[in-house]
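> Structure here, sequence nowhere to be found:
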């Protein structure tokens, strides 16, 4: 019996989104490339992953082709979405710049469409994650959604009226580089005092290492967990200890949470979202991070008491948000000016 | 001969905007209420003004009725737009909060429509000014426009894809209350370190008074201009002296311009506009303010060198932008969720 041309699992709630075929989403991170077959409801039907093969563009393309080959053996795939740290031009054809990879004005979409013989959509990783949370996660139904991804730095994206707002040149959402402390910590973007130097996994690790190097008595648990070497302490170590009850680690998370809340209050002043969805690895700390963030947000929101405040909620989709969003964007994308718009 | 039912002057470039009738725009400021009859091309055909009659809502309504009566004697008026500092709800019916006036959840639109027997549109004053600059001024054709009005504080607004972006609850655009210097100068919003405490007419005056109180030799021109009384120095005094060549006043404007540029760089990181239009009284300083702002912007823009930067241009419509925008919004307004949208 012939295999059905299209997978029968597709049942989409919003009829405008009904698209035939499955999509592959690929999330290119600094250390690994995660890929999956994603259906129209955002379920990941099959996974695959590779180590990130250095920065060389042809090598990254080779891995993408490999992953698509592997994942499309059992599924009929209509399109491929790629999420990566970096700036894609508005048309979605060219990577303007990527911090980890050697892409500079790289015509990645054309290269990949030629290699894969499928429609390819390029997305910034934070945009992809935000889109996934709006479509299938913690931001569903929200008319004005701002997503923050807390990893080594801060990723940001906006979905306004069902439209991914990417700015005039496609590089909006770099919330982590709002200067919050003029003259403060050096940022890899070349400035000082960027928000991501105060509210990220890197910031948490840096503060903990400084505490440990000062040989403070309160840092003994941290030092023990890192085998006595202050330089071995990372944000993940702090989070784990905080969850186990270590008071110093909880204080460090409170400090980072407070900076998180202040930066969110700045974004609320500018954007007035209904919901902030906060995701990324640092969110493994859960309420140990978000509770102090909400407190600082409430204390620093301009006009507090005279306006409805935004909700601050944790992302629902976890580390797969990026690949789910990239896959979905490849399915629903319209190559419109400045916007991928639904409805 | 009967008067024609509609004024024959209406010739609108964009056919979607062709509306019969003229509109009155009213801009309610802290000290004066400025009103005008505005045609569909943004021309002000007739002016009127009153002193702001205290904060009492009924008194303000009385002045509005008076102005509309005066201005509609010679023109057939289809609608009235009101611009005021404050937050209007998304529906545009209610003033949630106004800093200078005693409006708190005031159903101003219904009150005025009953009194005026015309369609009334309420707008935040910065939204009205931005709309006017997008429709008729320095922001025409811009797909991603951010407007900044520098007066005693900072007003802000966004026009994205021809849509006034007002946020989830109608209170977006409060860029002046991004916290830029944690623990810095006290702001009337209740926070410390808001941008408008560093880049506004008030900030300019405060810095100049401090310089004069320190009896610095460089402040002698400032003191002389203020009759020897440091407390009499205002931002306008500084601007005037700077234009006349006083070096200290030029330095003070440079400092304010630098803060302006840093704040604009933060907004560019988040919003990636194609153009910033900068208006308001402080812009009387012209390039003495904008040139250092552009320099600081270029120095602090995250990703500089890897992205096209936004233009920073001076507003074109001057102090009438608010009333022109309010009038035009009353003509084209669609009471849509979160947006007045054209096209």
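Nice, I can see it. All of these numbers come straight from a predicted model, not from anything done at the bench.
> who in the stretch 51-200 of chain A is up against chain B?
A:87, A:96-97, A:104, A:142-144, A:156, A:160-161, A:165-175, A:177-182, A:189-191, A:194 (C-beta under 8 Å from any C-beta of the partner chain). For every residue, glycine as well, the C-beta is placed using N, CA and C.
> give me that answer again for 6 Å
A:97, A:143-144, A:167-169, A:171-172, A:174-175, A:177-179, A:189, A:191 (C-beta under 6 Å from any C-beta of the partner chain).
> And residue A:312, how far from chain B?
13 Å (C-beta to the nearest C-beta, to the nearest Å).
> So that residue lies in a helix, does it not?
No - according to DSSP: H, G, I helix; E, B strand; the rest coil, residue A:312 belongs to no helix; its state is strand.
> Next one: residue A:231 from residue A:314, what distance?
30 Å (C-beta to C-beta, to the nearest Å).
> So between these two, which is more surrounded?
Taking neighbours as other C-beta atoms under 10 Å in any protein chain shown, residue A:231 and residue A:314 compare with residue A:314 leading, 15 against 10.
> and the two most separated of the residues of the stretch 51-200 of chain A next to chain B?
A:143 and A:191 (32.2 Å; C-beta to C-beta).
> nearest to chain B, of the residues of the stretch 51-200 of chain A next to chain B?
Checking those against chain B by C-beta to the nearest C-beta gives residue A:167 as the nearest, at 2.5 Å.
> Make sure that closest one is actually in contact with residue B:270.
No - counting by C-beta atoms under 6 Å, residue A:167 stays clear of residue B:270, with 8.7 Å between them.
> hang on, the earlier thing: can you tell me which of the residues of the stretch 51-200 of chain A next to chain B comes closest to residue A:293?
residue A:175 (13.9 Å).
> Show the residue spans covered by the strands in the stretch 51-200 of chain A.
A:77-84, A:87-88, A:95-97, A:104-106, A:119-124, A:144-150, A:154-160, A:163-165 (DSSP state E, counting those that start in this stretch).
> deepest of these, which one?
Highest mean neighbour count among those (mean count of other C-beta atoms under 10 Å in any protein chain shown): strand A:144-150, with a mean of 29.
> Count the residues that sit near residue A:58.
Using other C-beta under 10 Å, residue A:58 has 9 other residues around it.
> Now render the strands of the stretch 51-200 of chain A as CSV, adding mean pLDDT.
Listed next are the strands of the stretch 51-200 of chain A as CSV, based on pLDDT from 0 to 100:
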stretch, mean pLDDT
strand A:77-84, 94
strand A:87-88, 91
strand A:95-97, 86
strand A:104-106, 84
strand A:119-124, 94
strand A:144-150, 97
strand A:154-160, 97
strand A:163-165, 95
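> would you turn those strands into JSON lines with distance to residue A:265?
As requested, those are exported to JSON lines (distance: least, C-beta to C-beta, whole Å):
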{"stretch": "strand A:77-84", "distance to residue A:265": "28"}
{"stretch": "strand A:87-88", "distance to residue A:265": "26"}
{"stretch": "strand A:95-97", "distance to residue A:265": "29"}
{"stretch": "strand A:104-106", "distance to residue A:265": "35"}
{"stretch": "strand A:119-124", "distance to residue A:265": "24"}
{"stretch": "strand A:144-150", "distance to residue A:265": "12"}
{"stretch": "strand A:154-160", "distance to residue A:265": "15"}
{"stretch": "strand A:163-165", "distance to residue A:265": "20"}
